[in-house]
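# Output the structure for:
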Amino acid sequence: MRGRPLKSNRTLIIVRHAHRDKEMGSAFDNGLSAKGRKQALKAAKYFHSTFPSLKDCLFLSSPKKRCLETLLPFVADDRGRIKELQCLSEGEPIDKKVDEFLKAFKNFRAQVVVACSHGDWIPAFMERITGERVELKKGAWARFEGGADLLKLSEIIQKF
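Numbers count the residues shown, from 1 in each chain. Sure, this is the predicted structure:
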């Protein structure tokens, strides 16, 4: 059975997870801090002002709690709208994970794809796409436009 044809011009938004709660130590995945929740709400507000309809949006996240919690305001707390992808997780092998994500992105059918990841994954992704190693601050995002084989950076917002 054939699906809908892939859209040639889509939007990809890469979000770095917001500020994490380190109360139990940085080794524990204990989600967002109060500061992080504010960052996530501001990013979601900007997202909704830019993309008022969630109809053709796909939300992807690293399995880490801080990434999932960063995206919750984007989906009005509907956790079921967020798909977890292991290739968005932190840690080695980063280049392999970026390759896996780009391969998967070619098959995503949504007009807007929002993916939340980590401070080690994002610079590797940015370097692959732009040729430059760009780091995003916590809670920041980079917006790309284009198709599966050619993405162009169109916006970086480092603070919401």
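
# Output the below-cut-off pLDDT ranges for the chain.
The model of the chain has pLDDT under 70 over residues 1-8, 24-27, 148.

# Identify the single longest helix in it, thanks.
Longest helix in the chain by number of residues (criterion: DSSP state H): helix 34-50.

# May I see the buried residues of that helix?
Gly36, Arg37, Gln39, Ala40, Leu41, Lys42, Ala43, Ala44, Phe47 (16 or more other C-beta atoms under 10 Å). Just so you know, the C-beta spots here come from the backbone N, C-alpha and C atoms, and that holds for glycine as well.

# Against His17, how distant is the first one?
Gly36 is 8 Å from His17, where distance means C-beta to C-beta, to the nearest Å.

# try the fourth one
Separation of Ala40 from His17 (C-beta to C-beta) stands at 8 Å.

# Can you show me the CA trace of the strand or helix carrying Ile13 as CSV?
Under the criterion of DSSP states H and E, Ile13 resides in strand 10-16. Written as CSV, here are the backbone C-alpha positions of strand 10-16 (Å, rounded to 0.1, in the frame of the first residue of the first chain):
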residue,chain,number,x,y,z
ARG,A,10,9.0,21.0,4.9
THR,A,11,10.0,22.6,8.2
LEU,A,12,12.3,20.9,10.7
ILE,A,13,12.7,22.4,14.1
ILE,A,14,15.5,21.1,16.4
VAL,A,15,15.0,22.0,20.0
ARG,A,16,17.6,21.7,22.8
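
# No further questions, thank you.
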